[in-house]
Structures are given as structure tokens and as C-alpha cells.
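this one's sequence-less:
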């Protein structure tokens, strides 16, 4: 049987390391995602979110830069064995990602609060390696409202300008945390397929962070992606959640046409309680075993790896095109 690889489109290891500088990305047990656990879990591509904890002040560009520096110094090229975690920037690199020789990192921005309303800062983030931007976290910022903002508004004029600029430079967009109004405005504005990096089905578990059926259909119709997330309270309203409780979410997304649009978006290191048996990235083999009891291998490989990698191959900016510019 071919080797298994996993692409995970959301974790918060960087913000945890920022708050606890003593943590080693090699093997710190407090990190759900570290080099050792990525190796155990077969994680070949890990998206690292730049999230600004409230304690730092969310609207600070210096903190965005600080996490980028942390990634460069302690994650990129640092697996403790000389191979190094490489950073995925360009469409042309996806062929190397598919070779499964080294682990790769993908930088994302979870909420644009730290850009302070500046499209120049957006450009700097792009030049420093960020490739996916979520407009909001849970609350309102200068660009849009998040799902926990009671008024439930959509995008501001500056937010619309941000979307346009992202489309121009090839920065991909993420709708997890965005209000429904903002979601539908984005579907009208964005020329590129977008993702929901870590959201499940609202129909299965009615949490405000999950996606309604029509939202999932819209993502599928635009050839975007939905990242199945392991946040227990997004999975089931119960005291204890098991891996099998994720299956109804998969079924619902597939029923809506999303079998080739489903991927993983764990939210490891962003949660303090876990799905039983799925406590860190080293547990992915056990999750794959559960899936193989219910689905064909080629379908499971799509969810774990191919669907995400195909999206990046189609949607990441081209290095050659950027050189021409």
C-alpha cells in the first residue's frame, strides 16, 4: 500500500509558541503539532495560522511580523534532523510537495486585524510568505464582522478592497469565522475559489462557526474546499466526542456534492479539549483507520491529501508570473 500523507489546513502552534517561548517545535509535548508528531501522523503539509491572541492586542502589525519571524527561526528548516520543513509559496512547488520527501509548511493569517487597514501591509505579508487570509476571527474588525459579532454585518468598504487586492496578487481567502452576510458578499466579490479552513456542518451540529448547507454548496460550486475540524463542540453537543462523531459531518458534506472538496483543518493547538483518540497530529493514522472502515481507500486519500493538494496546485500563484510582474 502506498504511503499515507496528510494535509492539515489549520493549526495554532505559532501563537502557542509565541506565548510560551520555551516550547520546542521539535518535540514539546504541549504542542499538538510538532515535528515528532507530524512524523508520527504522516503530516506532509501543515498550514500554520498567524493568530493574534487578545493579550497581545489584535490590531498590531508588529505581532504579525513577530509570528512570521518565529516561524522562520523555529519552524521553517528546523525539524531537528537536517531535512527541514520547507515553506510552500508557489504553484510550481506543488510537484515537489507531491514527492512526499519532506514536510512542508503553509502560512495563513487568521483575521486581518493586525494589518491595521493597510493594503500595503497585506502586500508585505504576501512577500514574506503568507498565502491564505481569513478576513476575521470571531468579532468585528476593520474589514468585516465575525460570527460572534451580534449585529452580523458583512464586509466594510475597506474589506471589499482587501478582497480585490487578494484576487490581484494571488492571496487565497478563508471564510471560517466570517458572518453569513459576509460569506455571501465574498461569493459575489471573489474571482478565486475560497476555502473554509476549519468548519463543519451546521445541519449536523448547529454551532455558529459551522457552515449552512447553502454555504457548503456555494463553496463546492466554486471549486473551493471545506476543512473538517476537530473542535469537539463543532462536532457534537455532548460531554465526550469520539472520532466516529465526525462521520455525519462527512456524510452531509458529501451529500451536498463535496466529496472532492473535503479536506482536514484540525485546529490543533487552538483547542484545550479534544475528540477522544484524536488529541494531536500524531493520531492521524488512527483517524485514517476509522475512515477506512466506512469508505474506499481512494476516497479517504482524497480527503486526507489529494483534495487539498489539488486545490493548491490550481490556485496558488505562479512564481513565473510574479517574476514577470
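On my side now, so go ahead. Since the structure is predicted, the reported quantities are computational estimates derived from the model, not experimental observations.

what ranges do the helices span in the stretch 151-300 of the chain?
Applying DSSP state H, counting those that start in this stretch to the stretch 151-300 of the chain gives helices spanning 157-169, 180-189, 213-221, 232-235, 247-255, 284-292, 297-301.

tilt between the second one and helix 213-221?
Calculated by axes from the mean of the first three to the mean of the last three C-alpha atoms, to 10 degrees, helix 180-189 forms an angle of 30 degrees with helix 213-221.

buried residues, stretch 48-56. List them.
48, 49, 50, 51, 52, 56 (16 or more other C-beta atoms under 10 Å). C-beta here means a position set from N, CA and C on the backbone, and glycine is covered the same way.

residue 308 against residue 9, yeah?
Yes. With contact defined as C-beta atoms under 8 Å, residue 308 counts as touching residue 9 (6.3 Å).

of these two, who's got more company?
Between residue 308 and residue 9, counted using other C-beta atoms under 10 Å, the more crowded position is residue 9 (30 against 26).

related to what we said a few turns ago, nearest approach to residue 23 belongs to which of the helices of the stretch 151-300 of the chain?
Nearest to residue 23 among the helices of the stretch 151-300 of the chain is helix 284-292 (21.0 Å), distances taken as C-beta to C-beta.

related to what we said a few turns ago, which among the buried residues of stretch 48-56 gets closest to residue 171?
Of the buried residues of stretch 48-56, the one sitting nearest to residue 171 (C-beta to C-beta) turns out to be residue 50, at 13.2 Å.

who's in contact with that closest one?
Residues near residue 50 by C-beta atoms under 8 Å, 6 or more residues apart in numbering: 14, 15, 64, 67, 68, 71, 107, 108, 109, 110, 114, 130.

straight-line length of stretch 219-231, end to end?
The straight-line separation of the ends of stretch 219-231 (C-alpha to C-alpha, to the nearest Å) is 21 Å.

got the contact list for the closest residue in space to residue 276 that isn't next to it in sequence?
Closest residue to residue 276 apart from its sequence neighbours, by C-beta to C-beta, 6 or more residues apart in numbering: residue 242 at 4.8 Å. Going by C-beta under 8 Å, 6+ apart, residue 242 touches 275, 276, 277.

relative to residue 156, how far out is the first one?
Residue 275 sits 36 Å away from residue 156, going by C-beta to C-beta, to the nearest Å.

these two: which has the busier surroundings?
Using other C-beta under 10 Å, the more surrounded residue of residue 275 and residue 156 is residue 275, with 23 against 18.

right, and that one touches residue 245 too?
Yes. Between residue 275 and residue 245 there is a contact at 7.3 Å, judged by C-beta under 8 Å.

which pLDDT value belongs to residue 53?
Turning to residue 53, the model gives it a pLDDT of 78.

residue contacts, it?
Applying C-beta under 8 Å, 6+ apart to residue 53 gives the contacts 15, 18, 19.

tell me who's in contact with residue 135.
111-112, 141, 143-144, 155, 159, 162-163, 173-175, 177-178, 182, 186.

same deal with residue 313?
91, 94.

just confirm residue 46 is within a strand.
Yes. According to DSSP: H, G, I helix; E, B strand; the rest coil, residue 46 belongs to a strand.

who does the nearest residue to it once chain neighbours are set aside form a beta bridge with?
Distances taken as C-beta to C-beta, 6+ apart place residue 8 nearest to residue 46, at 5.3 Å, with adjacent residues excluded. Beta-bridge pairing for residue 8 (DSSP bridges): residue 46, residue 264.

remind me which residues of this protein are low pLDDT?
Along the chain, the parts satisfying pLDDT under 70 run over 1-2, 55-58, 78-83, 323-325.

mind redoing it with 50?
Low-confidence segments of the chain (pLDDT under 50): 1, 79, 82, 324.

show me where it has strands.
Using DSSP state E, the strands of the chain run over 6-8, 43-50, 86-87, 104-110, 130-134, 172-174, 195-196, 225-228, 262-264.

closest to residue 285 out of those strands?
Among the strands of the chain, the nearest to residue 285 by C-beta to C-beta is strand 6-8 (9.1 Å).

name the nearest residue to residue 317, sequence neighbours excluded.
Closest residue in space to residue 317, ignoring its immediate chain neighbours: residue 170 at 2.9 Å, by C-beta to C-beta, 6+ apart.

overlap in contacts, residue 308 and residue 9.
Shared contacts of residue 308 and residue 9, counting by C-beta under 8 Å, 6+ apart, come down to 225, 263, 264.

most packed of the helices of the stretch 151-300 of the chain?
Compared across the helices of the stretch 151-300 of the chain, helix 232-235 shows the largest average neighbour count, a mean of 21 (mean count of other C-beta atoms under 10 Å).
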